[in-house]
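Asker: show me the folded form of this:
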Amino acid sequence: MKVPIRMLGIAIAVIWVLLIAFIVLAAYSVTDLRFNVDEPQFNTDSSGQLVLNLPLIIDNGGYYSLKEFKISTLVSNVEGLEISRADTFIPIIPSGEIVTINHNVPIDLEEIFSNDEKYLFEDSELQISLSVGLNFAEVLPSQISTNFTFPWGAPFSDFEFDQGDINRFNLTHSIITIPTSFVNNAFIDVTGSISLELCNENNSVLSETQELISVSPQTSYEDSLELIVPITENGLTDIQNGHFNLFFSTLLFEYGPLVIPYE
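Answerer: The predicted model follows:
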C-alpha cells in the first residue's frame, strides 16, 4: 500500500510542477503579445451607413494560441453620451501568427447631431473605449483595455448665415439675398443640399429655396441663398417678426430645422 501511495504522491507533485510551469509559460506569453491599433478610418457600408474601421494588429509571439478573442468598443461624445458600441469575436489566433482584424463600428451621424448640434458646427473629439478579452492556453483568461480620443471635424465648421437686406425685385416681389459660408472639416464629402424657409410668427412659410452643395473635406463653401418674398400689406411686418428654418440634407445624414430668428 505504501508504494502506490508514494508513487501517487510523486505523480501529483509532477502534475503540479507541470501545471505551474504551464501557467508560467502562458504568463510569459503575455509579454510576447503585441497589440497595436492602426490609423482609424471612416468608410460607408453597402447601405450607405458610416462605419468607423479600427484595424487591430495582433502579434501572437507566445507559445500558445489565443482563444475566445473578443474586441469591444464604446464610442461616446465628450459629455459621455453613448453613440455606438460594437463587438468582434475571433475564435482562435494561432501561436506565432500576426493577424490584422478590421473591427467595424457603425456611426449614426443623425443621432450625434440630434443629441448635440454643436457637432454639426464645431470641431470636437469622440471618446473611444476599447477592451480585448482573450484566453491563453485555456487556463489564463486576460483582458486588455485602453481609452483614446479621435478628433472630430465638423461638416459645417465656421458656419456663417448673414441675413442680408430686403431689396425690391419687381412690382410684386422683394428679394432677400443671404450670404452663406462654412468650412468642411469633416472626414467625409458634404454632398446634398441646404434648404431654407422664411416663416412668419405663425410658422406659415412666406418663401423657400434650396441650394445644392458638394464640398470636399478641408474645403470651404461660400455662396448666397436667395428668397423671393411677395409684397403684401403686412409683408415687412411678417418678415421682421418671423424666422428662418434651415435644413441640411446629405448622403449620410439629414438635420433640421435649425431655427434662426430674423434680425
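Asker: quick one: the helices in the stretch 101-250 of the chain, in order.
Answerer: 109-115, 118-121, 235-240 (DSSP state H, counting those that start in this stretch).
Asker: straight-line length of stretch 115-130, end to end?
Answerer: Terminal residues of stretch 115-130 lie 23 Å apart, using CA to CA, to the nearest Å.
Asker: quick check: buried residues in that stretch?
Answerer: 119-120, 122, 126-128, 130 (16 or more other CB atoms under 10 Å). The way it works is simple: take the backbone N, C-alpha and C, and place the C-beta from them, glycine included.
Asker: looking at the residues you listed, which are in strands?
Answerer: 126-128, 130 (DSSP state E).
Asker: which one among those residues gets closest to Asn53?
Answerer: Within these, proximity to Asn53 (CB to CB) peaks at Ile128, which comes in at 12.4 Å.
Asker: need the pLDDT of that closest one.
Answerer: What the model reports as pLDDT for Ile128 is 83.
Asker: Leu56 pairs with what?
Answerer: Val37, Ile101 (DSSP bridges).
Asker: which residues touch it?
Answerer: By CB atoms under 8 Å, 6 or more residues apart in numbering, Leu56 lies in contact with 35-38, 71, 100-103, 132.
Asker: beta partners for Val205?
Answerer: The partner residues for Val205, given DSSP bridges, come to Cys199.
Asker: that one touches Ser195, doesn't it?
Answerer: No. Under the criterion of CB atoms under 8 Å, Val205 is not in contact with Ser195, lying 11.2 Å apart.
Asker: so which of these two has more stuff around it?
Answerer: Neighbours per residue, other CB atoms under 10 Å: of Val205 and Ser195, the larger number sits with Ser195, 17 against 11.
Asker: any low-confidence regions in the stretch 151-263 of the chain?
Answerer: 235 (pLDDT under 70).
Asker: for it, what spans make up the strands?
Answerer: 157-161, 166-168, 173-184, 190-199, 205-215, 219-230, 243-250, 254-261 (DSSP state E, counting those that start in this stretch).
Asker: and those strands: which comes nearest Phe113?
Answerer: strand 254-261 (5.0 Å).
Asker: which strands and helices lie in contact with that closest one?
Answerer: Packing partners of strand 254-261 (3 or more CB pairs under 8 Å, 6 or more residues apart in numbering; DSSP states H and E): helix 109-115, strand 243-250.
Asker: same thing but at 6 Å, please
Answerer: strand 243-250 (3 or more CB pairs under 6 Å, 6 or more residues apart in numbering; DSSP states H and E).
Asker: what strands line up against the strand it packs on, and which way round?
Answerer: strand 190-199 (antiparallel), strand 254-261 (antiparallel).
Asker: next, the angle strand 219-230 makes with it.
Answerer: 140 degrees (axes from the mean of the first three to the mean of the last three CA atoms, to 10 degrees).
Asker: what's strand 243-250 in contact with?
Answerer: 190-193, 195-199, 255-262 (CB atoms under 6 Å, 6 or more residues apart in numbering).
Asker: what subset of those is buried?
Answerer: 190, 192, 195-199, 255, 258, 262.
Asker: among those, which one sits closest to Asn241?
Answerer: Checking the buried ones among the contacts of strand 243-250 one by one against Asn241 (CB to CB), the nearest turns out to be Tyr262, at 7.5 Å.
Asker: so what's that closest one closest to, chain neighbours aside?
Answerer: Nearest-residue entry for Tyr262: Gly242, 5.1 Å, with adjacent residues in sequence omitted and distances by CB to CB, 6 or more residues apart in numbering.
Asker: touching, that neighbour and Asn203? I think so.
Answerer: No. Using CB atoms under 6 Å, Gly242 makes no contact with Asn203, being 8.6 Å away.
Asker: looking at the two, which is more packed in?
Answerer: Using other CB under 10 Å, the more surrounded residue of Gly242 and Asn203 is Gly242, with 21 against 11.
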